[in-house]
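Chemist: no FASTA, just this:
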């Protein structure tokens, strides 16, 4: 876990974002003792990374029954 003060985080934000995106835990600490974790909200997606893991049924596009 990497801990940085707010001022350092301001100066090196791009670098800290890249570290968090790569899976590192980055914690930003404020002078009053509060701490905040920098985490990615959306992960980078790679097309074709897990081929065959999602299967769609043959009737996927068919209308749903009335009683559904």
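Modeler: Okay, I see it. Everything numeric here is computed off the predicted structure, so don't read it as measured data.

Chemist: How about residue 9: what's its closest non-neighbour residue?
Modeler: Nearest non-adjacent residue to residue 9, counting by CB to CB, 6 or more residues apart in numbering: residue 28, 4.6 Å away. C-betas here are computed from N, CA, C, even on glycine.

Chemist: SS state for that neighbour?
Modeler: Using DSSP: H, G, I helix; E, B strand; the rest coil, the structure places residue 28 in strand.

Chemist: Please apply the same query to residue 61.
Modeler: Quick answer, by three-state DSSP: residue 61 is coil.

Chemist: Can you get me a residue count around it?
Modeler: 7 (other CB atoms under 10 Å).

Chemist: Show the pLDDT at it.
Modeler: Note for residue 61: predicted pLDDT of 92.

Chemist: And residue 48, by the same measure?
Modeler: Confidence score, pLDDT, at residue 48: 82.

Chemist: do residue 1 as well
Modeler: For residue 1, the pLDDT comes out at 87.

Chemist: That one contacts residue 28, correct?
Modeler: No - contact criterion CB atoms under 8 Å: residue 1 and residue 28 do not qualify, at 11.5 Å.

Chemist: Neighbour count for the two, which is higher?
Modeler: Comparing residue 1 with residue 28 by other CB under 10 Å, the one with more neighbours is residue 28, at 19 against 7.

Chemist: one step back: is it correct that the residue nearest to residue 9 is in contact with residue 10?
Modeler: No - shown here, residue 28 and residue 10 do not form a contact pair, counting by CB under 8 Å, at 9.4 Å.

Chemist: longest single helix anywhere in the protein?
Modeler: helix 13-21 (DSSP state H).

Chemist: residues near residue 17, how many?
Modeler: Around residue 17 there are 14 residues (other CB under 10 Å).

Chemist: any idea how far it is from residue 33?
Modeler: To residue 33, residue 17 is 24 Å away according to CB to CB, to the nearest Å.

Chemist: just residue 1 next, same as before
Modeler: For residue 1 relative to residue 33 (CB to CB), the value is 17 Å.
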